[in-house]
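Asks: A structural model of the following input is requested.
(chains A and B)
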There are 2 protein chains.
Amino acid sequence: MPAPLRTFQDSRKEMPSKDTPLNEWDLIKALSREFGPAPPGVILGIGDDCAALAGNGPDCLLWTIDTLVEGVHFDLAYTSLAQLGWKSLTVNLSDIAAMGGEPRQALLSLGWPPARDRRGALSFAAGLAQAAREYGVAVIGGDIVASPGGLIVTVTLTGRVPAGQMLRRAGAHIGDLIFVTGPLGEAAAGLEILRQGLDLPPELQEALTEAQLRPRPHLRAGRLLAQEGLATALIDTSDGIATDLYHICQASGVGARLPAAAVPVSPRVKAAAPHLGRDPLDLALFGGEDYLLLFTCPPEVAGRLPESFSRAGLAAPCPLGRIVAGDRVVLLTPAGDVDISGQGFDHFRLDPGPDVQ
Amino acid sequence: MPAPLRTFQDSRKEMPSKDTPLNEWDLIKALSREFGPAPPGVILGIGDDCAALAGNGPDCLLWTIDTLVEGVHFDLAYTSLAQLGWKSLTVNLSDIAAMGGEPRQALLSLGWPPARDRRGALSFAAGLAQAAREYGVAVIGGDIVASPGGLIVTVTLTGRVPAGQMLRRAGAHIGDLIFVTGPLGEAAAGLEILRQGLDLPPELQEALTEAQLRPRPHLRAGRLLAQEGLATALIDTSDGIATDLYHICQASGVGARLPAAAVPVSPRVKAAAPHLGRDPLDLALFGGEDYLLLFTCPPEVAGRLPESFSRAGLAAPCPLGRIVAGDRVVLLTPAGDVDISGQGFDHFRLDPGPDVQ
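Replies: Numbering: from 1, shown residues only, chains lettered A, B, ... in the order given. Predicted coordinates for the structure are as follows:
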């Protein structure tokens, strides 16, 4: 699920009290009750990165959908339509990666403002098609509607994973180690650069804005973890790891502890942070949209990770902390422990609604 | 594809000249070129009611997506959230019906305005869940995002059809007869009643507004046509039959002739038309949203239709005209022949854009 255009510092101000009913997760739970239990043949229903269906063969069919809304998830002032096309597919691809799967086919539903030159839709499609070619996806249909507000893009994507290999959010055990497949915070730093219109040294500017505008889903890492049975739980880092890790904890019935000093903040984010006026750790923990994979791994398996990843031509995953008993995600800082469970954003809370506060 | 909130009389004023590039169909063709040919395993790509994928067994997997946008496809001034929930699933179900298929699972992507009470999402879900139960669909996942404009609903749906039975838009032959599975114009008349805030005699008021607000996709008729091999081409009536029939003609490389006197205008529409200030034939041909099935049938098979439908507990389909050589849909009127090919709406043309006229 892609993160809206906001960062933790904004969202923290609007965090609802525990009594506020129907935040995003409450609502998802309430909807899930309304829709009832999934019938046989549905291996995985509401509540993971993808739904999963039994196939006739040895593979599960994975299935996901994501909507990007102009002014919420993207701003065309600093995102080209081709970049948006790329991103609208790759955020879905990241959901397939987060199950250990391989992507297959996509449908596109495009809400286009009638007053806007519709030739722009071809630039959008070119970017989407580029991502489709790069990741072996076929775009095989869809829907075009008028949108009286801004641009709306919905992509739905299928994938496959051998049934015995599928990785879920549930499955983390007490004592497991926590890893992430890359350094954190680059996409959020890139967003700040773009929003503030900053001009940083080229090597920072380009890498960080690319991280925001052209995410590269970690499909090969996801397949590796699934094939070699290296992970117990898996999710992608779309909402910020404080939230993404909390999802793993909730689904698995465990807690997590992260030493602040061990959080793999990207060196580029550290270098850029003074220019951005932002705390690099904040960007890393709460910024979101890195579209890396966050996973848990038994200690006796963790030693195999560097070699397995290296054999596959991938950088070794970064250690982040440990799964513990409880139900909270706790950051260990020199000033004491801080509960960061689920901090990041609620997808509804762009503006405080009438029933908030 | 659901029709926007407009009727032919509005849209006709805005019909672009033939030189206007990139109307909806041009754009779909251009996008299709951008995305390239579908790979093996994809039986049907862009350009029909559903995409179709080869399964491991004897069935094809059907797959469709539809987006409904507030102010374009629905108006909450006269549509309850529960009715919207119902309709957001049933318009997709109609696409499965239009392939002769049976629906299976759905994902929901809901764009909710943050300032609006999110408990309304539960009413919406209740309506969607009611349709899901009635038609045997499992809602197994989705996505919730903030929408800075109005409500946005996207549903994606899968279905199954035995590979040898699947019915497409292509397949109509010269000499085939054209049928529709019910009388035309009720949903468009219902929309006029709601938009104009009219109060008609109860038997008209209720039936016509229900036709608009709670469409009932003709899944059983679609399965019957497919199972018994009764149809050569099939589509659902979402955009108005002048457009829907034109889609069959374009896909099949044929033309069609409809005697105006034979068009099965709903008697309720005829009765309501004076109150609406609308021509009943206009509503029937161009109004859209009836979500019936429009199909072609060889003359030697047409005689079996009434008995087959009756055995299945369904009303006999209504004859509409005949497939001929050419590439136009022509209405035969006492005043002469009128080319109505593709008239109805272009989904982009809610407002004339800057590159129109």
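
Asks: how about the strands in the stretch 251-357 of chain A?
Replies: A:255-259, A:293-297, A:318-324, A:329-333, A:336-339 (DSSP state E, counting those that start in this stretch).

Asks: which one of these is the most hemmed in?
Replies: Across the strands of the stretch 251-357 of chain A, averaging neighbours per residue (mean count of other Cβ atoms under 10 Å in any protein chain shown) puts strand A:293-297 on top, at a mean of 28. For every residue, glycine as well, the C-beta is placed using N, CA and C.

Asks: which residues are in contact with that strand?
Replies: Residues outside strand A:293-297 that contact it (Cβ atoms under 8 Å, 6 or more residues apart in numbering or on different chains): A:97-98, A:167, A:171-173, A:176-181, A:218, A:221-222, A:225, A:230-237, A:241, A:244-245, A:248, A:252, A:305, A:317, A:320, A:323.

Asks: which of those are buried?
Replies: A:97-98, A:167, A:171-172, A:176-181, A:218, A:221-222, A:225, A:230-237, A:241, A:244-245, A:248, A:252, A:305, A:317, A:320, A:323 (16 or more other Cβ atoms under 10 Å in any protein chain shown).

Asks: tell me which residue in chain A sits closest to chain B.
Replies: For chain A and chain B, the shortest gap (Cβ to the nearest Cβ) falls at residue A:149, measuring 2.9 Å.

Asks: so which of the strands of the stretch 251-357 of chain A comes closest to residue B:24?
Replies: Across the strands of the stretch 251-357 of chain A, residue B:24 has its closest neighbour in strand A:293-297 (38.6 Å, Cβ to Cβ).

Asks: just checking: what are the partner strands of the closest one?
Replies: strand A:177-180 (antiparallel), strand A:233-236 (antiparallel) (DSSP bridges).

Asks: export those strands as CSV, with columns for mean pLDDT.
Replies: What follows is the strands paired with strand A:293-297, written out as CSV (pLDDT from 0 to 100):
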stretch, mean pLDDT
strand A:177-180, 98
strand A:233-236, 98
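
Asks: distance to residue B:153 for these - can I get that in a markdown table?
Replies: As requested, those are arranged in a markdown table below (distance: least, Cβ to Cβ, whole Å):
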| stretch | distance to residue B:153 |
| --- | --- |
| strand A:177-180 | 34 |
| strand A:233-236 | 25 |
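
Asks: now for these, which one comes closest to residue B:70?
Replies: Ranking these by proximity to residue B:70 (Cβ to Cβ) places strand A:233-236 first, at 30.0 Å.

Asks: output the closest one in PDB with nothing but the alpha carbons.
Replies: Taking Å, rounded to 0.1, in the frame of the first residue of the first chain, the C-alpha atoms of strand A:233-236 are listed here in PDB:
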ATOM      1  CA  ALA A 233       7.600 -13.300   8.100                       C
ATOM      2  CA  LEU A 234       7.800 -10.900   5.300                       C
ATOM      3  CA  ILE A 235       6.300  -7.400   4.400                       C
ATOM      4  CA  ASP A 236       7.400  -4.600   2.200                       C
END
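
Asks: neighbouring contacts of that strand?
Replies: Against strand A:233-236 from outside (Cβ under 8 Å, 6+ apart): A:49, A:94-95, A:97-100, A:167-172, A:176, A:217-218, A:222, A:225-226, A:244-245, A:247-248, A:251-252, A:291-296.

Asks: try it again with 7 Å
Replies: Contact with strand A:233-236 is made by A:49, A:94-95, A:97-98, A:100, A:167-172, A:222, A:225, A:244, A:247-248, A:252, A:291-296, as judged by Cβ atoms under 7 Å, 6 or more residues apart in numbering or on different chains.

Asks: tell me how chain A divides into domains.
Replies: If you go by automatic domain parsing, the domain ranges for chain A are A:9-165, A:177-339.

Asks: compare those domains and give me the one nearest residue B:312.
Replies: domain A:9-165 (24.9 Å).

Asks: returning to that earlier point: could I get the strands of the stretch 251-357 of chain A in JSON lines, plus columns for mean pLDDT?
Replies: Converted to JSON lines, these look like this (pLDDT from 0 to 100):
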{"stretch": "strand A:255-259", "mean pLDDT": "98"}
{"stretch": "strand A:293-297", "mean pLDDT": "98"}
{"stretch": "strand A:318-324", "mean pLDDT": "97"}
{"stretch": "strand A:329-333", "mean pLDDT": "96"}
{"stretch": "strand A:336-339", "mean pLDDT": "95"}
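
Asks: okay, the residue lying farthest from the centre of chain A: pLDDT?
Replies: Residue farthest from the centre of chain A, counting by Cα atoms, centre = their mean, is residue A:115 at 32.2 Å. What the model reports as pLDDT for residue A:115 is 89.

Asks: what strand or helix carries it?
Replies: For residue A:115, there is no host helix or strand (DSSP states H and E).

Asks: grab the nearest non-local neighbour of residue A:96.
Replies: Distances taken as Cβ to Cβ, 6 or more residues apart in numbering or on different chains place residue A:159 nearest to residue A:96, at 3.8 Å, with adjacent residues excluded.

Asks: report the beta-bridge partners for the one you found.
Replies: Applying DSSP bridges to residue A:159 yields these beta-bridge partners: residue A:62, residue A:103.

Asks: does it touch residue A:97 like I think?
Replies: No. Here residue A:159 lies out of contact with residue A:97, judged by Cβ atoms under 7 Å, at a distance of 8.8 Å.

Asks: what about residue A:216, how many neighbours?
Replies: Using other Cβ atoms under 10 Å in any protein chain shown, residue A:216 has 17 other residues around it.

Asks: what does residue A:275 give?
Replies: When neighbours are counted by other Cβ under 10 Å, residue A:275 registers 17.

Asks: spit out the contact partners of it.
Replies: Contact analysis of residue A:275 by Cβ under 7 Å, 6+ apart lists A:198, A:200.

Asks: my guess is residue A:91 meets residue A:66, correct?
Replies: Yes. At 5.3 Å, residue A:91 and residue A:66 qualify as touching, with contact defined as Cβ under 7 Å.

Asks: any weak-confidence spans in chain A?
Replies: Low-confidence segments of chain A (pLDDT under 70): A:1-22, A:344-357.

Asks: which residue sits closest to residue A:320, ignoring its sequence neighbours?
Replies: Take residue A:320 and drop its neighbours on the chain: the residue closest to it by Cβ to Cβ, 6+ apart is residue A:178, 4.4 Å away.

Asks: tell me who's in contact with the one you found.
Replies: Residue A:178 neighbours (Cβ under 7 Å, 6+ apart): A:245, A:256, A:296, A:320, A:321, A:322, A:323.

Asks: try it again with 6 Å
Replies: A:296, A:320, A:321 (Cβ atoms under 6 Å, 6 or more residues apart in numbering or on different chains).

Asks: touching, the second one and residue A:182? I think so.
Replies: No. Here residue A:320 lies out of contact with residue A:182, judged by Cβ atoms under 6 Å, at a distance of 11.3 Å.

Asks: hang on, the earlier thing: just send the contacts of residue A:178 back as a markdown table, with distance to residue B:200 too.
Replies: Listed next are those as a markdown table, based on distance: Cβ to Cβ, whole Å:
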| residue | distance to residue B:200 |
| --- | --- |
| A:296 | 63 |
| A:320 | 65 |
| A:321 | 66 |
